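1. Would you be able to build a 3D model of this:
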Amino acid sequence: MSEETGETRRMNGSHQLEEYQHTEEFRRLNEYQKAAVLDESPACVVNANVGSGKTTVLIGKIMYLHLDRKIPLENMAVLTFTNKAADEIVERLRKIKPDITPAQVQGFGTFHSVALRMLKSTLPVEEAGWTKEFTVMDPDEETDLALELIAEHGLKVKYKNRLKKRLEQEYQNWLAGKEESRYRDELFHLYPLLAEEKKKQNKMSFADLLRVSTELLQIKAEGAGGAADGGADRPAWILVDEVQDSDALQLEFLEALRGESAKIFAVGDPNQVIYSWRGTGDNMFFLIKHRFGAKELTLPVNYRSNASILTAANRFLQFGNKIQGTRNEEHRIVVRNYYDPFQEAEYLAEKIQTLHRKGKRYGEIAVFYRLQSQSAILEKVFGRHGIPYELSVKKTLKDIPVLNWLIKVLRVSVNPSDTQMEAAVLKDPVYGGESAACRMERFSEEIGNRPAVSAGELFTYFGLREALHPSSSGYAEDESLVMDFLEKMCASCNKEAQSSGGSFSGAVREFVNSSALYGMKTDAGEKTPGDISVREEDGTEYGGEDGTAALERVKLMTLHVSKGLEFDTVFIIGVNQGLIPLRCKNFEQEEEERRLFFVGITRAENNLELSWYTNPGEHGVIGEPSRYLRMIPEQLLDYGNTGKQESVRSGAGTDGAGRKSDLQQLRRQVQDQIRLKREAAQKPEVVRVRHRKYGEGILVSEDEMMIEAEFEGYGRKQFLKAFGEIEILHS
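-> Purely as a prediction, here's the structure:
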């Protein structure tokens, strides 16, 4: 091997790395990581502790197989659970080997996207009742179709408001041959009707993608006498990321894809199973291990968090040995108590501004919460203080009516059999009508067969000017949204059609299929109020109105969305009984809540702060600290604004003693304030007050516990006297 560095080779464009083991990337791996990279067992699962370099090992494994073992990238299937994860793997591979082409990594993607590619290119999908021009329907669309069939056939199906969840949960029971649904209704009569209608309309659901590709792979294997054919359908190696999140359908697909000879390498962490509603379970990691007779390796060393955070995290560990750290420094975990979420939001705004003034980037800071509704107060307060933030929520173009309608037009244009979407286009109360619909069925013949089409041509072809009603007050905004979207879509689809030698309509079909799976990868559409950037569940980020980079924004997100991310400083709010953890119906839910908290605290690298409310204001939430706080070793905690630990450590909420003590102290403080007021010699007719945040204001009213004041620019505010937030200004 040449003595020049990998960076020099990349700069010279030679890209001739002969062995991954001789690269600097490999030398930086620890002994556990190297063992995983070099292992060539028929099946291997790696129990990767949080922050242990799981993705680094996956990248290393791919490069070792490719460069040292001479396995072509085309002969690997790399399965992930988000589109973002697949993109990150490819991006990091290209940093090592920049000449990797899209064709080489077409087998890198989510379970569903890989299944979709195989059904479109190599598997005989016609034998299952579809054509290769089928489109993908999302769960909402499938539910709407199911409701139509229930009405059409007069089926008696209970709990139709939860039909989407029921369709998913009971599907496996129906496939297994059970005769009756859980609620003893006619749901099982619906499944065959739904399957037939989807074939008729040439559409597949997410579950269909996995189920049909699995069946076709199995049929092909049986036709070959059970032997793997070694072709495009059977990769030499299958590598799986976040394997603990697999469900039963994904496991069946994985086994069918493996055949008789493919080797499996899977990484995951059973302590981070937090998506049970998707069909996975905390035993999936071990189920896969035993099903494939896999060798188990571990990655025990955490490179992310400081010693205090890891010591606390080990108290919530459910599987495997304790996490080992590499950092000896300790920053105590701060625990703070607030009267209510508003007081907390004001504190967080001030604290984050202070951290930023001291040099910490906004993007290094995150606030986690259990319920999305908790973000509302943070949004208002952060916006008023001018703190840039990114709200991580699931937001798609379906939330924009004109674009939601336009997507349906495109779906019918590339799949004329889709009568469900055609009806939705025609019946739309705002944009419906014949102006666009009459052109949809002829799209592929009249304009879609070309290699490139402009946004203006599409706008004219579909008669969108008339469909958007030029005389309406919202026309200008709708036209701008539509043109922005079409320009971005055409740029993407024209590039795809020209590079693949296909047609524009074929590229549009792949575009709408990908969009159904992952959401639209475009920033077309309304900006979220409050200068918010939006993140899709798959990680797609959208910039704010001022163009501020996502790295320069404080991240606000639920604990679920935080998985896979890391930040220098993390605030977890609402650590109250009934919120973290939520009230659970059974032991399994309780264990998952505990894993969810584990995921949250291990996102922090250096600073972790936990807070709870005396008056949470949420139904079912108790004004007491979560029992999780009592599970953290006392020596790791700094009690912040409380100045004491009794309220957390005494078990308030168990025997009530801690809470009673706090109330007695509050009562004494209130009585002292009342006495001092009575001793005042005079009191002006208009009493002025001062607050450290709102400035000077006017006293409106007061009683033994509360004081109400009005501040210019802020309106009326109420405060608990015991906290001493208001200063009375005497003349």
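2. Mind naming the longest strand for the chain?
-> Counting residues, the longest strand found in the chain (DSSP state E) is strand 604-613.
3. Identify the residues contacting stretch 181-194?
-> Outside stretch 181-194, the residues that touch it by CB atoms under 8 Å, 6 or more residues apart in numbering are 142, 145-146, 149-150, 153, 155-159, 166-167, 170-171, 173-174, 178-180. For every residue, glycine as well, the C-beta is placed using N, CA and C.
4. Give me the subset of these lying in helices.
-> Residues of these located in helices (DSSP state H): 142, 145-146, 149-150, 153, 166-167, 171, 173-174.
5. So which bits of the helix of greatest length in the chain are buried?
-> The longest helix of the chain (DSSP H) is helix 475-500. In terms of neighbour count (16 or more other CB atoms under 10 Å), helix 475-500 has its buried residues at 478-479, 481-490, 492-494, 496-497.
6. ok so, going back, hmm, which of the contacts of stretch 181-194 are the buried ones?
-> Counted by 16+ other CB under 10 Å, the contacts of stretch 181-194 give 142, 145-146, 149-150, 157, 166-167, 170-171, 174 as buried.
7. Measure how buried the closest residue to Gln172 other than its chain neighbours is and give me the count.
-> In this structure, Gln172 finds its nearest non-sequential neighbour in Ala248, 5.8 Å apart by CB to CB, 6 or more residues apart in numbering. By the measure other CB atoms under 10 Å, the count of residues near Ala248 is 17.
8. Before we move on, what's the pLDDT of His560?
-> pLDDT, His560: 93.
9. Next up, the contacts around it.
-> Applying CB under 8 Å, 6+ apart, the residues near His560 are 274-275, 596.
10. Could you pull out the helices in the stretch 1-150 of the chain for me?
-> 6-12, 24-27, 31-38, 54-63, 83-96, 111-121, 139-153 (DSSP state H, counting those that start in this stretch).
11. could those helices go into CSV alongside mean pLDDT?
-> Below are these laid out as CSV (pLDDT from 0 to 100):
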stretch, mean pLDDT
helix 6-12, 38
helix 24-27, 89
helix 31-38, 96
helix 54-63, 95
helix 83-96, 90
helix 111-121, 94
helix 139-153, 95
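12. Now render these as a markdown table, adding distance to Phe265.
-> Below are the helices of the stretch 1-150 of the chain laid out as a markdown table (distance: least, CB to CB, whole Å):
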| stretch | distance to Phe265 |
| --- | --- |
| helix 6-12 | 23 |
| helix 24-27 | 16 |
| helix 31-38 | 8 |
| helix 54-63 | 6 |
| helix 83-96 | 13 |
| helix 111-121 | 16 |
| helix 139-153 | 31 |
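13. At which residues are the helices of the stretch 501-650 of the chain located?
-> Taking DSSP H, counting those that start in this stretch to define them, one finds helices in the stretch 501-650 of the chain at 504-518, 587-601, 627-631, 646-649.
14. could you dump these to JSON lines with mean pLDDT and distance to Gly223?
-> Shown next, in JSON lines, are those (pLDDT from 0 to 100; distance: least, CB to CB, whole Å):
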{"stretch": "helix 504-518", "mean pLDDT": "91", "distance to Gly223": "28"}
{"stretch": "helix 587-601", "mean pLDDT": "92", "distance to Gly223": "41"}
{"stretch": "helix 627-631", "mean pLDDT": "94", "distance to Gly223": "54"}
{"stretch": "helix 646-649", "mean pLDDT": "58", "distance to Gly223": "65"}
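15. Most tightly packed of those?
-> helix 504-518 (a mean of 22; mean count of other CB atoms under 10 Å).
16. elements contacting it?
-> helix 111-121, strand 135-136, helix 401-414, helix 475-500 (3 or more CB pairs under 8 Å, 6 or more residues apart in numbering; DSSP states H and E).
17. Just checking the distance from the last one to the centre of its chain.
-> If you compare the mean C-alpha spot of helix 475-500 with that of the full chain, they lie 26 Å apart, counting by CA atoms, centre = their mean, to the nearest Å.
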